[in-house]
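Undergrad: I need the structure of the sequence given here:
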Amino acid sequence: MLPIRARTCRPLALSLALVLMPMAVLAQDAPRLIEQEMTPEEFRAAGLDRLSPEQLANLNGWLGRTLSQETAAAAAAAKSKVEQENRGFLSFGSDEPIVSRVAEDLPGFSKGRRYTLENGQVWEQVDSASLRNSKSPRPEVRITPSVIGSAWYMAIDGYNTRAKVKRIK
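TA: Numbering: from 1, shown residues only. This next block holds a predicted model:
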């Protein structure tokens, strides 16, 4: 049986690969010519049959560059989106803290307590750090990754105590 971390990472890594693979394959394909992509009727209806061979080559060159640039931009955007949506589950992506507000009043820290953030993430406290009577209505929290390893720590704005947390949703 795989460790929990490996079982969590594999589906996410697979989804990332499935998102990026078609884009990478498209970007590496040989340049496709517009006259091969259109039916002869579409080609004539667009007036492209009146282009000289040089003009048609220029159009195909421009289309190829544009498709490559757009594919690369789409792949980068998809990668960034997957990384941002899965921060806290995997140890890749930005080292920048996750800053959000707790969606409900926060009485403090307690082992096993779950914290739902306004950004939709749900974190669970896994250590015994305690902070009582914070009575903060929907406080801002900062969740930062550890320098070494894959741990994450949550701090409430205005307090020095940090709690070790793991992302569960």
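Undergrad: can you classify Glu54 as helix, strand or coil?
TA: Classification of Glu54 using DSSP: H, G, I helix; E, B strand; the rest coil returns helix.
Undergrad: which stretches in this structure count as strands?
TA: 98-101, 106-109, 114-116, 122-125, 131-136, 140-145, 152-156, 162-167 (DSSP state E).
Undergrad: want to throw those into a markdown table with mean neighbour count?
TA: The way it works is simple: take the backbone N, C-alpha and C, and place the C-beta from them, glycine included. Shown next, in a markdown table, are the strands of the chain (neighbours: other C-beta atoms under 10 Å):
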| stretch | mean neighbour count |
| --- | --- |
| strand 98-101 | 17 |
| strand 106-109 | 18 |
| strand 114-116 | 16 |
| strand 122-125 | 18 |
| strand 131-136 | 13 |
| strand 140-145 | 18 |
| strand 152-156 | 20 |
| strand 162-167 | 19 |
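Undergrad: got these as CSV, with distance to Leu56 and mean pLDDT columns?
TA: As requested, the strands of the chain are exported to CSV (distance: least, C-beta to C-beta, whole Å; pLDDT from 0 to 100):
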stretch, distance to Leu56, mean pLDDT
strand 98-101, 51, 85
strand 106-109, 65, 76
strand 114-116, 58, 87
strand 122-125, 56, 88
strand 131-136, 66, 67
strand 140-145, 53, 85
strand 152-156, 56, 85
strand 162-167, 53, 86
